[in-house]
Structures are given as structure tokens and as C-alpha cells.
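**Q** Test case, fold it:
(one chain, ligands or ions: 2)
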Amino acid sequence: MKVLCFLILAAVSQAATFTPIQTNPAEPHPETILDGIFGAGAYYRVSDDIDQIIPGDSIVSVDVLASYAASTNVFVSLPTLGGFIGCIQTSLSFTEDHCTDPALNPDGRDYVATWRLFSDPEIFLLGFEDWPLPRSDYNFNDLVVKVRVGHRDIPPSEVPEGGTLWYALLGLAVLGVRRLSR
Ligand SMILES: [Ca+2]
Ligand SMILES: [Ca+2]
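**A** Ligands and ions are numbered 1, 2, ... in the order given. You can find the predicted model right below:
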């Protein structure tokens, strides 16, 4: 019974969480924007408990997909352990900078929704909300960007040579035979 309870608790703690996106009738929902560019069903929403850091060794490109904002929002990336934190810096004084990591936002709230493409794991689609609550319409389309990340090439010295790899596989096979023979 204890094991069952632990498994249930583990499943609950790993449940995906999605920050709600409000609908503003005057502007498109960010997923309507993505539908028009990538096609419906081409992407999936990333859980908001894991979208704080864009994983990668470099940011290869940033393309603005849409912006429905009264202010000028500029995307900036902050290197951090394991990747990058994405932020918008805004030009108007009644709004504030918002980052993918809510801990960096003045009120600690989440102002970024993230999606990924099924066809390309190197691409992250970020929808930013620039107005803080309670005045915010919270529709996450004030800046929608496509970020492509890159990964460091592994130097040849770190790639096992063919012979080394075969000896390693042979060693595992020997261990397996010994275990079976016990
Ligand atoms: Ca988020
Ligand atoms: Ca908005």
C-alpha cells in the first residue's frame, strides 16, 4: 500500500501545469497565430513547470512571429545553467520586463507560454504577456517569437573510437552471460 501511495504522489507531482491564456476578442489567440504559420496540430504546449529555461548551448536565431502590443517589446536571452532564460524588455513605463523564469518577474507570476514543434526539437515558440496583473488581458500575444537553439558539437576526442566501443559492448555481453549463468 505504501508503494502504491508513493506512486500516486509521484504521478501527481509530475502532472503538467498550464498557465491559463485569456481570450481577447479583438486579438488572435497565440495558438491561432501558430495555426496560421505552422498548421493546426503541428505543435504542443510545454508544461509551465518546466518552461523556465530554453535548453541549448546557443541561440541560433530569433524570429518575431507576431506582436499585438501597445509597447515595443524586445526579446533578450540570459545564459543560465542548462540553457537560456528568455525575457522581453518593454518600452513603456506602465509595463515591466517579463521572463520565462517567473522568479525574475516583479510579482513572481508566469507571463510566458511555450510551445514546441513536433517536427523540430530545436525550435521553441514563446508567447509573452507584457501587461502585469491585474490590468493585464493575459492573452500572451504581445510578442510571439520563434527561437532556434543549437547544441555544441562533441569534439572528436570525446567520441569513443570504434574499437573502444566494441570492447565496451563485449564487456557488457560478458557481464550478461555471467549473470545468466548464476
Ligand atoms: Ca510559462
Ligand atoms: Ca496582452
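
**Q** average model confidence for the host helix or strand of Ile88?
**A** The secondary structure element spanning Ile88 is strand 83-90 (assigned by DSSP states H and E). Across strand 83-90, pLDDT averages out at 96.

**Q** Does it reach ligand 1?
**A** No. Taking C-beta under 5 Å from the ion as the criterion, strand 83-90 and ligand 1 are apart, separated by no less than 10.0 Å. (C-beta placed from N, C-alpha, C; glycine too.)

**Q** pretty sure Asp63 contacts Leu143?
**A** No. Contact criterion C-beta atoms under 8 Å: Asp63 and Leu143 do not qualify, at 11.4 Å.

**Q** the more surrounded of these two?
**A** It is Leu143, of Asp63 and Leu143, that has more neighbours when counted by other C-beta atoms under 10 Å, with 25 against 13.

**Q** ok, the more buried one touching Ser71?
**A** No. When contacts are counted by C-beta under 8 Å, Leu143 is not listed as touching Ser71 (9.4 Å).

**Q** How about the contacts made by the residue nearest to Gln22 when sequence neighbours are not counted?
**A** Among residues not flanking Gln22 along the chain, Tyr138 sits closest, at 4.3 Å (C-beta to C-beta, 6 or more residues apart in numbering). The contact partners of Tyr138, taken as C-beta atoms under 8 Å, 6 or more residues apart in numbering, are 20-22, 129, 131.
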